[in-house]
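1. below are the sequence and a predicted model for it; my questions follow.
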Amino acid sequence: MERGRGKVLLPVVVVVVLCVSSWQVAAAANRTGGGGGGGGRPRVPAVLVFGDSIVDTGNNNAVLTLTKSNFGPYGKDLNGGVPTGRFSNGRIPPDFIASRLGLKDLVPAYLGTDLADEDLLTGVSFASAGSGYDPLTSTLVAVLPMQEELNMFVEYKQKLAGIAGEAAAARIVSDSLFLVCAGTDDIANNYYLTPIRPIQYNITAYVDYLTQLASDFITQLYQQGARKIAILGMPPIGCVPSQRTIAGGLAAGTEECDAARNHAAQLFNAKLKQEISCLRRTLQLQGIVYVDIYGVLQDMITNPCKYGFDVSTRGCCGTGNFEVTILCNRVTATTCDDDRKYVFWDSFHPTERAYSIIVDYLYPRYLEKLL
C-alpha cells in the first residue's frame, strides 16, 4: 500500500540517521545482515535513519509521489544495477556509516517489502526524500513529513519489543546513535521555489522557524529514548547544480554558487549549533552532536582535483544542471562515462564516491564522539 501526501512538485533533501545499540542482538544481526566495518564486534547494535533523500534508502518507493529513484540509471553501481530507491548511483551515507560501525553494508528502508527481523535489530531508515523540518515542505512534494517518520519510529519500537523483549528493546534504543539530516529541502525546494513562506517570513525569520522545528524534533527523539543523536547541518545549497541553475535561470551560466542560498544554509547551521548547545543543558544530555557537512562538501566543490574529481558544478546524469528524480532516467537522460570523476550524481545528490569521502571525513570528527 502506498502512502500519499498531496500533489507532487520537486524533491526534497533532508537527512537523519539513527544508530541503535544492543550488543547481543547486533551480533546476531551482523551474522545475517552482512556486517561490514572490518570485522570485530559492532560499535553499536543498530543504525536508524531519519530525514530526506540523502538518507532515504527506499521508503519513497512505498509513497504515492513522483519523488522517487527506483528506476535506472539510479543505483547502477549497486545491487547488480537494480535500483533500490537510493538517490545516487550506489550507496549513500547511512550505508557507509553502518559499515563503519561494523553492522552491515546496506541499511534497508523501514517501508521495504522484504524487511526481516534481523533488519529491525540492526537498524533501518525512516527517511523520506523531499521531506524537511517544515511540514509544508513534505506537503509540496507529497512525501512523508518528519512527524510521520517519528510515528514510524514509535511503531518500530513496538516491533522491536516483540522481537527482543521490552527490556532489551529499551536498551537498544538508548544505546542507539541517531543521525538527523534535514533542512536542505526547506530552503531549496520550499522557501526559494514557492511563494508561500517568503510571504510569511524573511529568510532570518524562516531560519528561526526551522531551528525551532529542529529543536522540537530532537526533543521528541529524546522523549522516545534517544540518547546519542547526531544532527547534520545544511550543505552549501547554493553550490548544488540544480540550485545554481534555478538561481541563475536556465539560460544563464551555472558556474557560480548562489550566495543567498549559501547564506541561508550558514545562518541555519549557526543557529542550529547554538540550539544544540542549549538542548544539552535543557535535556541534561551530552550525547547530542552537531555535524558540519558544509565545510567538507564546499571544499570538494571548490577544489575537486584535491579529491580526485574532475567535475563539481554539474551532475553525471543528463546535462547535470537540472535532471533529478524522474528527469534522470534511462529514456531521456544519458550518464557520464565515469561517475567517479563527478562530485554530483544528478543535479541535487552526490555520487557514491563523494558520499564515501564525506562519511570518511565526518565519522572520526563527529560520530566517534557518540560511541
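-> Cool, got the structure.
2. mind checking the SS state of Thr204?
-> Per DSSP: H, G, I helix; E, B strand; the rest coil, the local secondary structure of Thr204 is helix.
3. next up, the contacts around it.
-> Each residue near Thr204 by CB atoms under 8 Å, 6 or more residues apart in numbering is listed here: Leu267. Where C-beta positions appear, they are placed from N, C-alpha and C, glycine not excepted.
4. swap in the one 10 residues further on?
-> Residues counted as contacts of Ala214 (CB under 8 Å, 6+ apart) are 133, 180, 182-183, 231, 272, 275.
5. redo that, cut-off 10 Å
-> Neighbouring residues of Ala214 by CB atoms under 10 Å, 6 or more residues apart in numbering: 132-133, 146, 180, 182-183, 186, 231, 233, 268, 271-272, 275-276, 279.
6. Lys306: which of those is nearest?
-> For the contacts of Ala214, the residue nearest Lys306 by CB to CB is Gly233; the value is 21.7 Å.
7. tell me where this protein has helices.
-> In the chain, the helices defined using DSSP state H lie at 23-32, 93-100, 117-122, 135-141, 146-164, 166-174, 184-185, 196-200, 203-223, 241-248, 259-282, 294-302, 352-365.
8. now the ones you listed in JSON lines, with distance to Gly308 and mean pLDDT?
-> Below are these laid out as JSON lines (distance: least, CB to CB, whole Å; pLDDT from 0 to 100):
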{"stretch": "helix 23-32", "distance to Gly308": "31", "mean pLDDT": "39"}
{"stretch": "helix 93-100", "distance to Gly308": "17", "mean pLDDT": "97"}
{"stretch": "helix 117-122", "distance to Gly308": "32", "mean pLDDT": "94"}
{"stretch": "helix 135-141", "distance to Gly308": "34", "mean pLDDT": "98"}
{"stretch": "helix 146-164", "distance to Gly308": "35", "mean pLDDT": "98"}
{"stretch": "helix 166-174", "distance to Gly308": "38", "mean pLDDT": "95"}
{"stretch": "helix 184-185", "distance to Gly308": "25", "mean pLDDT": "98"}
{"stretch": "helix 196-200", "distance to Gly308": "39", "mean pLDDT": "98"}
{"stretch": "helix 203-223", "distance to Gly308": "34", "mean pLDDT": "99"}
{"stretch": "helix 241-248", "distance to Gly308": "19", "mean pLDDT": "92"}
{"stretch": "helix 259-282", "distance to Gly308": "24", "mean pLDDT": "98"}
{"stretch": "helix 294-302", "distance to Gly308": "10", "mean pLDDT": "98"}
{"stretch": "helix 352-365", "distance to Gly308": "8", "mean pLDDT": "98"}
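9. indicate which one of those is closest to Val331.
-> Among the helices of the chain, helix 241-248 sits nearest to Val331 (CB to CB), with 19.8 Å.
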